[in-house]
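S.K.: Build me a structure from this.
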Amino acid sequence: MKIKNAMLYLVLAFLYSCQPSGKQEQGANAQEQVGEETPTSYEATFSSLSDTAIARGFNTDYIMGHFDPAKHPDFTLVETRYADREGLYLRKDTYEAFLRMYEAAKRDDVNLLIRSATRNFDYQKGIWEGKWTGARAIENGKDASQAYPNPKERALKILEYSSMPGTSRHHWGTDMDLNAFTNEYFEKGEGLKIYQWLTAHAPEYGFCQPYSPKGEARPYGYNEEKWHWSYLPVAQPLTALAKEKLKDGMITGFKGAEVAEEIGVVEKYVLGVNSDCLLSIVPSR
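M.R.: Residues are numbered from 1 along each chain as shown. Prediction:
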C-alpha cells in the first residue's frame, strides 16, 4: 500500500505542476490529504489527469488519430540517424526526451533505433485491414480471413499484437517501437543488453513499457511487447482522457469494427496496460 501511495503522490505532484497558479493552493491541499488509496481517490486521479489533457487541448479526435502528424504543430520529423527509415514522426516533447535517452544509452554502448513511431488512423487502418482480409499475414503466418472466419475470433487474434484503428497508442505521438519486433530478440545477446538498459534507465527519461507480460496483474490487452515504449508525461493524461471519453461505439470506419463493442476494446485494450504506466510518473530529464 505504501508503494501505491507513493505512486499516487507522484501523480498529484505532476498535476500540481501543470495547474494554473490559481489552483496551486487547492492542489497542495490535495497532496496533504493523500492517505490510504481508495477506489474514489484512484478515480479522482484519473479525472484530474483527464482534465489536464483537456486543458492542454487534447480531444477524442486526437486520441483516435484523426490528424496528419506531418501537418500538426506539436509533431516533428525523426532524423534518419535515429530511425530505420525516413518519414517517421513523434511529438516534439517525446522526441526531445528520446534524444536525451538515446545519448545516455550511447554512453553505455547501447544503440537505440526507432522502428515505428506515430501511426494515425488511416495508417493503422491499412495495417488492420491488411490482416483482416488476409492480404497481410498475422504473427503466426496465417491468413486470418481463412483461419478465423468468425469475426470476433479473427479480431481477437489480430488484437494479440495489432490495434484497431482509433485505439492505438501510436496515434498519440508518445509511443515508439525500438530496435526489433520480437520478444525473442530482447532475450539474448545485444537485444538483452538493450532491454536491460531500457528497463533500468528508460523511466528516468519518462518512458514506460505499456505492454508488460500478461498475467494476474495485466489480464487483458495486447501480448507483451518488449520493444514498445511510451512517454508518460503526455501518454498518461491521454490514457485518462480515453478512459473518460472514448467509447466502444466510437470505434468505427474499418472492416471488423462491428465487434469492437462485443470485445470491449477500450476497457480491455486501450486501458489494458502495465499499471506502472497508469499511475507511476517519473518526470523526463
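
S.K.: On the strand side of things, show who Ala83 bridges to.
M.R.: Note on Ala83: beta-bridge partners Ile114, judged by DSSP bridges.

S.K.: and the residue nearest the centre of the chain, what is it in contact with?
M.R.: By C-alpha atoms, centre = their mean, the mean C-alpha position of the chain lies nearest to Arg169, the distance being 4.1 Å. The contact partners of Arg169, taken as C-beta atoms under 8 Å, 6 or more residues apart in numbering, are 163, 175, 210, 228, 230, 235, 270. Bear in mind the C-beta positions are built from the backbone N, C-alpha and C, glycine included.

S.K.: cutoff 7 Å now
M.R.: When contacts are counted by C-beta atoms under 7 Å, 6 or more residues apart in numbering, Arg169 touches 175, 210, 230, 235.

S.K.: Dump stretch 245-264 to CSV, keeping only the CA atoms.
M.R.: The C-alpha trace of stretch 245-264 is given here as CSV (Å, rounded to 0.1, in the frame of the first residue of the first chain):
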residue,chain,number,x,y,z
LYS,A,245,-14.4,10.0,-23.2
LEU,A,246,-13.6,7.1,-25.6
LYS,A,247,-16.4,4.6,-26.1
ASP,A,248,-16.5,1.3,-27.9
GLY,A,249,-19.3,2.6,-30.1
MET,A,250,-17.0,5.3,-31.5
ILE,A,251,-14.6,2.7,-32.9
THR,A,252,-15.9,2.6,-36.5
GLY,A,253,-14.8,3.2,-40.1
PHE,A,254,-12.9,0.0,-40.9
LYS,A,255,-13.5,-3.7,-41.6
GLY,A,256,-14.2,-5.7,-38.5
ALA,A,257,-15.3,-2.6,-36.4
GLU,A,258,-18.6,-4.2,-35.7
VAL,A,259,-17.1,-6.4,-33.0
ALA,A,260,-15.5,-3.6,-31.1
GLU,A,261,-18.3,-3.3,-28.6
GLU,A,262,-18.7,-7.0,-28.1
ILE,A,263,-15.0,-7.3,-27.3
GLY,A,264,-14.8,-4.2,-25.1
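
S.K.: Can I take it that Thr76 is in a strand?
M.R.: Yes. Assignment of Thr76 by DSSP: H, G, I helix; E, B strand; the rest coil places it within a strand.

S.K.: thinking again about what came up before, which of the contacts of Arg169 fall in helices?
M.R.: Counting by DSSP state H, these place Ala235 in helices.

S.K.: where exactly do the strands run in the stretch 151-285 of the chain?
M.R.: 175-178, 207-208, 228-231 (DSSP state E, counting those that start in this stretch).

S.K.: Quick one, which of these gets closest to Trp197.
M.R.: strand 175-178 (10.7 Å; C-beta to C-beta).

S.K.: Name the residues that touch that closest one?
M.R.: For strand 175-178, using C-beta under 7 Å, 6+ apart, the contacting residues are 90, 98, 112-117, 169, 227-230, 235.

S.K.: Which of the residues you listed sits closest to Thr199?
M.R.: Once C-beta to C-beta is applied, the member of the contacts of strand 175-178 that ends up nearest Thr199 is Trp229, at 10.2 Å.

S.K.: distance of the closest one from Glu43?
M.R.: 27 Å (C-beta to C-beta, to the nearest Å).

S.K.: Great, nothing more from me.
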